[in-house]
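Return atomic coordinates for the entry below.
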Amino acid sequence: MSRALFLCWLVIGLSLNATAANTPPASRQALEKIVAVVNDDVITRTELDARLHAVKDQLKNQPSPLPPDAVLEEQVLDRMILASLQLQLADHNGIRVDDDTLNRTIEHIAEDNKLSLGEFRAALEKEGYDFATFREDIRREIIISRVQQRQVSDRIMVTEQEIDNFLATQRAQGDTGAEYHLAHILIAVPDAASSERIGAARRRAAEVLAKLRAGANFQETAIAVSNGQQALQGGDLGWRKLAELPTLFVEPVSHMKAGDISDLIRSPSGFHIIKLMEQRNDERHIVTQTHARHILIRTDELTGDDAAQARLRELRQRIKDGADFAELARGVSSDTATAGNGGDLGWVNPGDMVPAFEAEIDKLATGEISAPFKTSFGWHIVQVLERRRHDNTDAIVRGQARDALRQRKIEEELQSWLARLRDDAYIENRLAAP
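A predicted model of the protein is given here:
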């Protein structure tokens, strides 16, 4: 496993989460320097140094030079403060992550790196990371994700009309499905800020913009000054369609060329600067659709696996002997949604069905009836009626628009929610104190 592969997971937890020590805050205060007080919690110098070490390990693999330690410390501490606030809220609301969930998550991380759990643990420890500490960092990251889901994501809705309006706007702007690789800097402004505070933020943002246009490295500058969630990744927003961008970014991005840096963009969160790194066009999506029908027998206390298989083998033979599939499905199928239509599933796209079902229909020739097979729903036989090549671009575009609009709303609301969470908290930053 390469260092970069698992460090990307580490930094998710290590750079964003404040590790709570096992000793109470009062004891910790007596033992070591406190760099921040966050409501009733504290962040110590030792904890900050550990996070700083992990972040430096990640950033040294990037082409941009590291900012000065003092600048990086402020950025890392800021994210630790936000993490502490969210963890405190989770504790207040009883949000927990059990060991089974944590173990499954870590197993998935190991699998993503093509390692067994034992190999993954050994690789972490070889790089100097304590496995028990890693587990707790991942636990906290899951907790924060659940807090954000409850407070923000679960409250976001996207209507069909919003999708229609967005797609109409895209067409009016001549958008052909292009994707944009963007980097971003935010100079934040608190809610209900005074005109003096807003003016100071505007001047600072203007200074940053002037330095960028004079040749300053965008990624390095983002790490040093941005208040955005991706600051420690050099402000990298990744590849996004216009629909996936915050609303205020759409107009400037649509007129930018690769390498361009925007003017200041004002939002309730503050002043934004974006850079278009790259642009690419989209392609049509042609899929093979399958028209199929099936009969389902669910198992229960009276009908076990053997009985369900035997019943389906009998039905399959009757169909091969000339019985009507649709009539049998209407009479015996446990799938109430399709039984009335003779078991007809309609045209099925790749990915529409559970993997076990899709694997069976993929093996069948047109007209062929499968042997009985089991999925999470029960036991099935399925018949492929026909196949066709289908341009599924419109459906995919609509689905992508829904996902993008939802993500846009989540990002905008998350930034506002985090600002409110910070404004309502008692925070004392002691980093600069002797």
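
contact partners of stretch 236-252?
Outside of stretch 236-252, the residues within contact range by Cβ atoms under 8 Å, 6 or more residues apart in numbering are 166, 170, 173, 175, 177-184, 219, 230, 253-254, 262-263, 265-267, 272, 274, 280, 282, 400-401, 403-405, 407-408, 411-412. Using the backbone N, CA and C atoms, a C-beta is placed for each residue, glycine as well.

are any of those residues buried, and which?
For the contacts of stretch 236-252, a neighbour count by 16 or more other Cβ atoms under 10 Å gives the buried set as 166, 170, 175, 177, 179-184, 219, 230, 253, 262, 265, 267, 272, 274, 400-401, 404-405, 407-408, 411-412.

where along the stretch 201-350 of the chain do the strands fall?
Under the criterion DSSP state E, counting those that start in this stretch, the stretch 201-350 of the chain contains strands at 236-241, 265-267, 270-280, 286-297, 344-348.

which other helices and strands contact the longest one?
Translated: strand 286-297. On a contact count with 3 or more Cβ pairs under 8 Å, 6 or more residues apart in numbering; DSSP states H and E, strand 286-297 meets helix 305-320, helix 325-332, strand 344-348, helix 355-363, strand 378-391.

Could you save these as a markdown table and add columns showing mean pLDDT and mean neighbour count?
As requested, the helices and strands packed on strand 286-297 are exported to a markdown table (pLDDT from 0 to 100; neighbours: other Cβ atoms under 10 Å):
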| stretch | mean pLDDT | mean neighbour count |
| --- | --- | --- |
| helix 305-320 | 95 | 15 |
| helix 325-332 | 96 | 17 |
| strand 344-348 | 94 | 16 |
| helix 355-363 | 93 | 16 |
| strand 378-391 | 93 | 17 |
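
so which of those gets nearest residue 32?
Comparing the helices and strands packed on strand 286-297 against residue 32 with Cβ to Cβ, the closest turns out to be helix 355-363 (51.1 Å).

So for the helix or strand just after that closest one, what gets flagged as buried?
For helix 355-363, the following helix or strand on the C-terminal side (DSSP states H and E) is strand 373-375. Within strand 373-375, the residues that count as buried by 16+ other Cβ under 10 Å are 373, 375.

what's the offset of strand 373-375 from the middle of its chain?
Distance of strand 373-375 from the chain centroid (Cα atoms, centre = their mean, to the nearest Å) equals 31 Å.

Packing partners of that strand?
helix 355-363, strand 378-391.

Output these as JSON lines; include the columns distance to residue 90.
Converted to JSON lines, the helices and strands packed on strand 373-375 look like this (distance: least, Cβ to Cβ, whole Å):
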{"stretch": "helix 355-363", "distance to residue 90": "33"}
{"stretch": "strand 378-391", "distance to residue 90": "38"}
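
thinking again about what came up before, got TSV for the helices and strands packed on strand 286-297, with distance to residue 76 too?
Output for those, formatted as TSV (distance: least, Cβ to Cβ, whole Å):
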stretch	distance to residue 76
helix 305-320	55
helix 325-332	61
strand 344-348	49
helix 355-363	41
strand 378-391	48
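
With respect to residue 91, which of these lies nearest?
Set against residue 91 and scored by Cβ to Cβ, the helices and strands packed on strand 286-297 come closest in helix 355-363, at 37.6 Å.

got the domain boundaries for the protein?
Domain assignment of the chain by automatic domain parsing yields the ranges 3-151, 157-283+395-423, 286-390.

Identify the residues contacting the residue nearest to residue 227 when sequence neighbours are not counted.
Distance criterion Cβ to Cβ, 6 or more residues apart in numbering; nearest residue to residue 227, sequence neighbours excluded, is residue 188 at 3.8 Å. Residues in contact with residue 188 (Cβ under 8 Å, 6+ apart) are 201, 227, 269-270, 419.

that older thread, right, so of the domains of the chain, which gets closest to residue 430?
Of all the domains of the chain, domain 3-151 comes closest under Cβ to Cβ, at 5.5 Å.

what's the distance between residue 209 and residue 332?
70 Å (Cβ to Cβ, to the nearest Å).

Which of the domains of the chain has the lowest mean pLDDT?
Looking over these, mean pLDDT reaches its minimum on domain 3-151, with a mean of 80.
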